[in-house]
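# Provided below for reference: sequence and predicted model.
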Amino acid sequence: MLSIDPGQQDDRANYRLLIGTVVPRPIALVTTLSEQGVLNAAPFSYFNIVAARPPMVSVSVQRKPGGALKDTARNALASGAFVVHIADESYVSALNMTAAPLPPEESEPALAGLTPVASEAVAVPGLAEAKVRLECVLERAIPLGGTGEAPACDLLIGRVVRFHVDASLYTAGPDGETRQAPPDIDVERLRPVARLAGDDYSRLGERFTVERPR
C-alpha cells in the first residue's frame, strides 16, 4: 500500500488521484443566466445530494487560475438561482460540448444544440433534453481551498424548489400503472452516465444488492 502526502506533490498529481479513485461520479449539467441574459451551461462531476428536508444538492465549481470565478458560480451568485440536469446517455455528446471554454457572452446550449425551456419557480431556463432537471435557489455559496488569498473553488448549495421528471422514469406498479407516490425512479430507463478520469465516462453497469444491518 502506497502512502502519499498530498503536501509533497503538486496540485495536478492530487487532482489525478482524486478523479481516478473517487469514481464513478454523478454529473450535473448546470444552467445559469448571466446579468446580460446569456444562458450558460457547464457539466460538473463534483456534485451530490446534501439533504432531503428541504431537498438540497451541492455543486463545486473550481475557480480559474488566479482565482477568478467561472461563469456558473458568478451567475449563480448574481441571480441566486440555477438549474441542475442529471446527465444521461441520450444527450451526453451535447453535454460534453458544453464544457467548451466559451467567453461569457456566448451560450453553451446554443453551441451544443440544446433546447432551452422555461422554468416554473426560478428565472433560469432549463434544458428540454434532460429527463430530470432540478430548479434550485442558491441556499449558500462557500469559497473553499486555495493556498494564497484566492479560494480554489466555490461550493454552491442549491435548495430544490421544483423537480421535473420524465413520466417514463417512474417504476410501474403491480397493475402496470405508473406510480405517483412514492416516486420510485427506474434507473434503467434514465440511463445515467457518470464521470471517470480523463475523457472517460461510465454507464450504469451491473447492479447488486447488499442489505443494510438492522
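Received the coordinates, thanks. Residues are numbered from 1 along each chain as shown.

# State the mean pLDDT of the longest helix along the chain.
If you go by DSSP state H, the chain has its longest helix at helix 11-21. Helix 11-21 shows a mean pLDDT of 92.

# For it, which residues meet the burial criterion?
Residues of helix 11-21 classed as buried by neighbour count (16 or more other Cβ atoms under 10 Å): Ile19. For every residue, glycine as well, the C-beta is placed using N, CA and C.

# Now do the SS call for Ala197.
Here Ala197 is recorded as coil under DSSP: H, G, I helix; E, B strand; the rest coil.

# Over to Val160?
On the three-state scheme (three-state DSSP), Val160 is labelled strand.

# That one contacts Met56, doesn't it?
Yes. Using Cβ atoms under 8 Å, Val160 is in contact with Met56, at 6.7 Å.

# Following element in sequence after the longest helix of the chain, please.
Downstream of helix 11-21, the next assigned helix or strand under DSSP states H and E is strand 25-26.

# Please report how far the residue lying closest to Asp166 once chain neighbours are set aside lies from Arg191.
Spatial nearest neighbour of Asp166, excluding adjacent residues (Cβ to Cβ, 6 or more residues apart in numbering): Lys131 at 4.1 Å. Per Cβ to Cβ, to the nearest Å, Lys131 is found 8 Å from Arg191.

# Show me the common contact partners of the two, please.
88, 90 (Cβ atoms under 8 Å, 6 or more residues apart in numbering).

# Any chance you could list what contacts the longest helix of the chain?
With contacts defined as Cβ under 8 Å, 6+ apart, helix 11-21 is touched by 4, 6, 25, 45, 195-197.

# Just the CA trace of it, in CSV.
Output in CSV follows, covering the C-alpha atoms of helix 11-21 (Å, rounded to 0.1, in the frame of the first residue of the first chain):
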residue,chain,number,x,y,z
ASP,A,11,-2.0,20.1,-7.4
ARG,A,12,-2.1,18.2,-10.7
ALA,A,13,-1.0,15.0,-9.1
ASN,A,14,-3.5,15.4,-6.3
TYR,A,15,-6.2,16.1,-8.9
ARG,A,16,-5.4,12.9,-10.8
LEU,A,17,-5.5,10.8,-7.7
LEU,A,18,-8.9,12.2,-6.8
ILE,A,19,-10.6,11.8,-10.2
GLY,A,20,-9.0,8.4,-10.6
THR,A,21,-10.2,7.0,-7.3
